[in-house]
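A.B. asks: next comes the sequence, and after it the predicted model I'd like to discuss.
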Amino acid sequence: MARIPYADPTRPETAALAERIVAERGEILHLYAMLLHSPPVAEGWLTFLTAIRQRCDLPGALRELVIVQVAHLNGARYEAEQHVPIALREGVSRAQLDALPDWRAADVFDPRERAVLAYCDAMTREIHVPPAVFAALRAQCDPRTIVELTATIGAYNMVSRFLEAIGIDSADDISVSKEPSR
């Protein structure tokens with residue numbers, strides 16, 4: 001259960017942004033219902049994550065593979081719940097998703113996916129990526145892919161940390177809260 005109530009998306013200062021969120025995401029998810037306590041943060045978050053998910057050239061399967069791996073590494077259940085269905089639609093196999101906890105021992109990933117997962121693990125767990133991990137990634141990906149992959153991994157580490165710090169859960173009732181934002 002979330003540690004603070006979800007924001008009221010019908011407040012005058014958030015109504016237009018809430019409409020934009022619905023237009024871009026289909027609904028106001030728990031994450032955005034919380035972010036709406038701060039309209040500038042919610043707007044920046046929406047713009048940034050829309051760029052990551054919808055405007056980059058990074059293949060959808062690689063994008064979702066690292067998003068789900070970040071969720072797994074950070075214990076961010078909500079993030080995984082949101083992205084596993086997307087990953088499957090983007091072409092990540094159920095076998096690959098199931099193998100993520102011990103991906104190094106699995107035979108369901110090609111060399112590019114292995115390099116990407118090693119990079120994701122290093123960025124998430126160690127922050128400082130070892131030269132050998134980066135060299136393996138560089139052998140598989142061009143500079144634009146590396147930049148977009150790095151931004152995606154960094155962004156979803158931010159997402160998972162926000163979700164877990166505040167305790168956002170998909171089972172929470174996000175009906176309109178009347179508690180004022182501060």
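C.D. replies: Noted; the coordinates are in hand.

A.B. asks: which other helices and strands contact the helix or strand hosting residue 137?
C.D. replies: Following DSSP states H and E, one finds residue 137 within helix 131-140. Helices and strands touching helix 131-140, by 3 or more Cβ pairs under 8 Å, 6 or more residues apart in numbering; DSSP states H and E, are helix 111-121, helix 143-166. Using the backbone N, CA and C atoms, a C-beta is placed for each residue, glycine as well.

A.B. asks: just how off-centre is it within its chain?
C.D. replies: 23 Å (Cα atoms, centre = their mean, to the nearest Å).

A.B. asks: buried sites along that helix?
C.D. replies: 133, 136-137, 140 (16 or more other Cβ atoms under 10 Å).

A.B. asks: same deal with stretch 93-112?
C.D. replies: 96-97, 99-100, 103, 109, 112.

A.B. asks: ok, so of the buried residues of helix 131-140, who is nearest residue 66?
C.D. replies: In terms of Cβ to Cβ, no member of the buried residues of helix 131-140 lies closer to residue 66 than residue 137, at 11.5 Å.

A.B. asks: residues in contact with the closest one?
C.D. replies: 115-116, 118-119, 146, 149 (Cβ atoms under 8 Å, 6 or more residues apart in numbering).

A.B. asks: separation between it and residue 53?
C.D. replies: Distance, residue 137 to residue 53, using Cβ to Cβ, to the nearest Å: 21 Å.

A.B. asks: next: residue 13.
C.D. replies: Taking Cβ to Cβ, one finds residue 13 at 26 Å from residue 53.

A.B. asks: between those two, who's got more neighbours?
C.D. replies: Neighbours around residue 13 and residue 53, counted as other Cβ atoms under 10 Å, are more numerous at residue 53. The numbers are 20 against 9.

A.B. asks: how about that one, phi and psi?
C.D. replies: The phi/psi pair for residue 53 (degrees, to the nearest 10) reads phi -80, psi -30.

A.B. asks: and what of the one 3 residues further on?
C.D. replies: Main-chain torsions, residue 56, degrees, to the nearest 10: phi -90, psi 160.

A.B. asks: how about the nearest residue to it, chain neighbours excluded?
C.D. replies: residue 148 (4.3 Å; Cβ to Cβ, 6 or more residues apart in numbering).
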